[in-house]
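Enquirer: just the structure for this:
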Amino acid sequence: MHVAAHEPKNVHSVQLSSRPRTLNEELDPNKRYMSCTVVKGSAFADFVNVRTDESISIAVSFLKNRYHTKQVLCSTDPVFEETFLFEFIGENDQIKFDAATLLKLSQPIHITILKHRKNEKPVVIGTKSVEWRSLLFYNHMEVNSEVLPVSKT
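Expert: Numbers count the residues shown, from 1 in each chain. Predicted coordinates for the structure are as follows:
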């Protein structure tokens, strides 16, 4: 999946990809997984003249899975290239995610963009929910999507 922004100032973008990557974990053949790669961001117009102590990171969540990219120096086009493996987990361990259940699942992938400064709490600068179910048909997808600043959501 790709998530990226275009024209308007103060609209950020993040690129996600579901391209398979080599993962160092053993996978349980009885469970369902979805691989998601945070590739890069673009059009971060607020970061043209950045401070040297500012960095940016992306938090990605889906169902009970929560991941966070490493912090990278703020720029207009930050590069992350980090892959996360989402496990389909229900409210209890007895839920089986067969094809019918996956089609009914309406939970999106949620992206939160955070700005960090030394000795300060991270600040949320944008959020986005991304629909993933077309992966069930295509097995691979890239999504470019605008991530609006928190002040505009």
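Enquirer: Phe97 is in contact with Gly90, correct?
Expert: Yes. Between Gly90 and Phe97 a contact is recorded at 7.3 Å, counting by C-beta atoms under 8 Å. Yep, even glycine has a C-beta here, placed from its N, CA and C like the rest.
Enquirer: so which of the two has more stuff around it?
Expert: Phe97 (16 against 13; other C-beta atoms under 10 Å).
Enquirer: which one is the more buried one nearest to, not counting chain neighbours?
Expert: Phe88 (4.2 Å; C-beta to C-beta, 6 or more residues apart in numbering).
Enquirer: next up, the contacts around the one you found.
Expert: Residues in contact with Phe88 (C-beta atoms under 8 Å, 6 or more residues apart in numbering) are 31-34, 63, 97, 102, 105.
Enquirer: select the longest helix from the chain.
Expert: Scanning the chain for the longest helix, with DSSP state H as the assignment, gives helix 99-104.
Enquirer: what strands line up against the following helix or strand past that one, and which way round?
Expert: Moving toward the C-terminus from helix 99-104, the next helix or strand (DSSP states H and E) is strand 109-117. Here strand 109-117 is paired, per DSSP bridges, with strand 54-62 (antiparallel), strand 123-130 (antiparallel).
Enquirer: which one of the ones you listed is the most hemmed in?
Expert: strand 54-62 (a mean of 20; mean count of other C-beta atoms under 10 Å).
Enquirer: for the next helix or strand after it, C-alpha coordinates in CSV please.
Expert: Counting by DSSP H and E, the element after strand 54-62 in chain order, helix or strand, is strand 65-68. The C-alpha coordinates for strand 65-68 follow below in CSV (Å, rounded to 0.1, in the frame of the first residue of the first chain):
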residue,chain,number,x,y,z
ASN,A,65,-1.2,-4.8,16.3
ARG,A,66,0.8,-1.6,17.0
TYR,A,67,4.1,-0.7,15.3
HIS,A,68,6.2,2.3,15.2
